[in-house]
Every structure is written in C-alpha cells, then in structure tokens.
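Chemist: next come a sequence and a model predicted from it.
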Amino acid sequence: MSGWNIAAAQSGSRAGNITWNIEHHLAFIRQAAELNVDLLVFPELSLTGYELPLMVELAMAADDPRLQVFADAAQQYGMSICVGLPLKNQQDVMLSAATFLADGTRFAYSKRNLFGDERQIFSQGSPVPMFGQPQQNVVLAICADISVEQFARDAAQQGADLYATSVLVSEKGYEADCALLARWSETYQMAVLMANHAWPTGAYVSAGKSAFWSPDGQQVVRGGDGEQLIIARRRGSQWHGEVHALHATAER
C-alpha cells in the first residue's frame with residue numbers, strides 16, 4: 001500500500017472578505033506543500049466564513065477567475081485542494097466544496113443535508129463521483145451531511161479509502177459529531193478526516209480540534225485551538241498523525 005499524506009487546514013476566515021481569505025488559504029497551501037501533503041481540505045464555507053446573510057451576494061461561479069489560484073497551486077505542488085464556498089448554478093446557490101486536482105481537473109460537491117436557515121438560502125446538492133486513485137480514493141461530505149449514515153455507506157460502497165468532511169462544529173456538538181465519524185470509520189472501514197474552523201464565524205464559536213480516524217475507527221490525531229495543519233500520514237497499512245501551527249499567523 002502506497003504512502004499517502006492528507007491534511008485538514010484548520011483555518012480562520014474573515015467575514016465576507018474573499019480576497020483576504022484566498023490569500024490566507026494560500027499560506028496554508030504553501031506550508032502543506034513544504035510538509036509533502038497530497039490532499040488538503042479546508043472547512044465549510046472557508047472562502048467567505050459562515051455568513052449566511054451574505055451568501056447570495058458572495059456566491060461565485062465555478063469558473064470565477066479568483067479561483068484560478070487554487071488550480072495553479074494544485075498543479076504546482078502536485079496536491080489536491082478542497083475549499084469551501086457558496087457556488088452559483090444558474091438560479092441556485094449551493095453550499096459547496098470546490099476541489100482542484102493536480103492534473104487540472106476541478107469539480108464541486110454541494111451539501112445534501114442542509115441545516116436550519118441554510119434551507120432558506122441554498123439548494124440541495126447531489127452526489128459527485130469519488131476522486132483519487134487506487135488506495136487513495138476520496139468522497140466528500142459537508143458538515144450536517146455527516147449525520148446521514150446512508151451518505152457514509154454510499155461512500156464506502158463506491159470504494160472510498162477516505163471520507164473527507166468539511167465542517168463548522170461548536171463545542172456543543174463536537175463530541176457527538178466525533179462519535180458519528182468514528183462510527184462511520186469503523187463500520188465502513190474507511191479513514192475519516194474532519195476539517196473544522198479555527199475562529200468564530202457567523203453565529204458560531206468553532207471548537208477547532210480538527211481530527212482524523214483510521215479505518216478501524218481509532219482517532220489517530222486531533223488538533224487543538226487556533227490555526228493548524230492536522231496531518232495524517234499512511235505508510236503501508238499504518239497511520240500516524242502530526243499537528244503543525246500555521247507559520248504565518250494572522251489577526252482575526
């Protein structure tokens with residue numbers, strides 16, 4: 001089984017400031033490249049913050065030129081990069097994760113299990129095919145998607161080696177959500193990654209503590225507070241974890 005290095009970018013977002021947030025994402029990407037990361041996942045709505053009243057105004061088209069920097073970085077560093085954003089699709093706005101692959105491919109997954117006021121703003125998404133390569137196949141989920149067992153089951157049945165989740169989880173819901181992710185990992189024998197926000201966003205104070213579970217349901221690594229890269233490295237069939245503080249810290 002080949003080596004594989006995957007990471008959660010526990011990043012902070014400035015409310016509605018896409019330009020600043022993009023540059024901040026690039027700081028994470030550059031550090032992840034230094035650490036030989038193959039796949040980097042950012043939190044839910046990382047490019048805008050979880051600012052629901054601004055979503056219609058801030059929604060971006062899939063071919064928005066501002067996103068090209070992520071396609072360029074993916075190719076430059078040989079890294080798959082998943083960022084969170086509201087996407088425009090004709091008349092609809094979708095709560096999405098845009099993925100940029102090293103070969104130039106890009107696509108988006110949009111949240112299927114919308115939560116609370118999200119239902120008044122976003123249209124429901126639909127599944128996207130698994131991406132990656134043998135022994136490194138990935139299926140995405142966004143926040144409340146993780147509460148739906150069928151989504152995890154479908155990922156496993158597709159042959160996912162990793163269920164990569166992009167979330168905004170507060171302390172109140174953190175342990176319950178971790179229990180679900182550990183359960184899906186053990187039940188469906190696939191690794192699970194959770195990328196959470198580092199800073200408060202919208203009406204929520206994020207718990208941070210992004211984490212990774214190996215395919216037997218065991219938590220390999222959990223981050224702490226603040227901006228960090230939470231990395232899981234597979235060598236053979238074994239996983240080990242690392243936590244790295246972001247080199248270039250930023251004010252909120």
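Modeler: Everything's here; your move. Everything quoted here is computed from the prediction, not taken from an experiment. Residues are numbered from 1 along each chain as shown.

Chemist: which stretches of the stretch 51-200 of the chain have low pLDDT?
Modeler: When residues are selected by pLDDT under 70, none of them lie in the stretch 51-200 of the chain.

Chemist: can you map out the helices along it?
Modeler: Secondary structure of the stretch 51-200 of the chain (DSSP state H, counting those that start in this stretch): helices at 55-58, 68-77, 149-158, 171-188.

Chemist: CSV for the ones you listed, including mean neighbour count and distance to Leu87?
Modeler: Placement of C-beta: from N, CA and C, glycine included. CSV is the format used below for the helices of the stretch 51-200 of the chain (neighbours: other C-beta atoms under 10 Å; distance: least, C-beta to C-beta, whole Å):
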stretch, mean neighbour count, distance to Leu87
helix 55-58, 16, 10
helix 68-77, 17, 13
helix 149-158, 16, 19
helix 171-188, 17, 24
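
Chemist: now those helices in TSV, with distance to Gly3?
Modeler: Formatted as TSV, the helices of the stretch 51-200 of the chain follow (distance: least, C-beta to C-beta, whole Å):
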stretch	distance to Gly3
helix 55-58	38
helix 68-77	16
helix 149-158	22
helix 171-188	20
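
Chemist: closest to Trp213 out of these?
Modeler: helix 171-188 (4.1 Å; C-beta to C-beta).

Chemist: what sits up against that closest one?
Modeler: Outside helix 171-188, the residues that touch it by C-beta atoms under 8 Å, 6 or more residues apart in numbering are 146-147, 149, 152-153, 155-156, 163, 165, 167, 169, 190-192, 194, 205, 207, 209, 211, 213-219.

Chemist: could you pick out the buried ones from those residues?
Modeler: Those of the contacts of helix 171-188 that meet the buried threshold are 146, 152, 155-156, 163, 165, 167, 169, 190-192, 194, 207, 209, 211, 213-215, 217, 219, by 16 or more other C-beta atoms under 10 Å.

Chemist: so which of the residues you listed are in strands?
Modeler: Tyr163, Thr165, Ala191, Val192, Met194, Ala211, Trp213, Gln219 (DSSP state E).

Chemist: doesn't Tyr163 make contact with the fifth one?
Modeler: No: using C-beta atoms under 8 Å as the test, Met194 is too far from Tyr163 to be in contact (9.4 Å).

Chemist: in the sheet, who's paired with Cys82?
Modeler: Val41, Thr99 (DSSP bridges).

Chemist: and it, what does it touch?
Modeler: Counting by C-beta under 8 Å, 6+ apart, Cys82 touches Leu39, Leu40, Val41, Phe42, Ala97, Ala98, Thr99, Phe100, Leu140, Ala164, Ser166.

Chemist: sorry, back to before: could I get the ones in strands among the buried ones among the contacts of helix 171-188 as TSV with distance to Gln133?
Modeler: TSV is the format used below for those (distance: C-beta to C-beta, whole Å):
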residue	distance to Gln133
Tyr163	17
Thr165	20
Ala191	15
Val192	19
Met194	23
Ala211	24
Trp213	21
Gln219	26
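
Chemist: any idea how far the nearest residue to Gln219 once chain neighbours are set aside lies from Arg153?
Modeler: Using C-beta to C-beta, 6 or more residues apart in numbering and skipping the chain neighbours, the partner closest in space to Gln219 is Trp213 (5.3 Å). Per C-beta to C-beta, to the nearest Å, Trp213 is found 16 Å from Arg153.

Chemist: state the pLDDT value of Arg252.
Modeler: We have a pLDDT of 65 for Arg252.

Chemist: scratch that, Gly236
Modeler: Taking Gly236 on its own, its pLDDT is 91.
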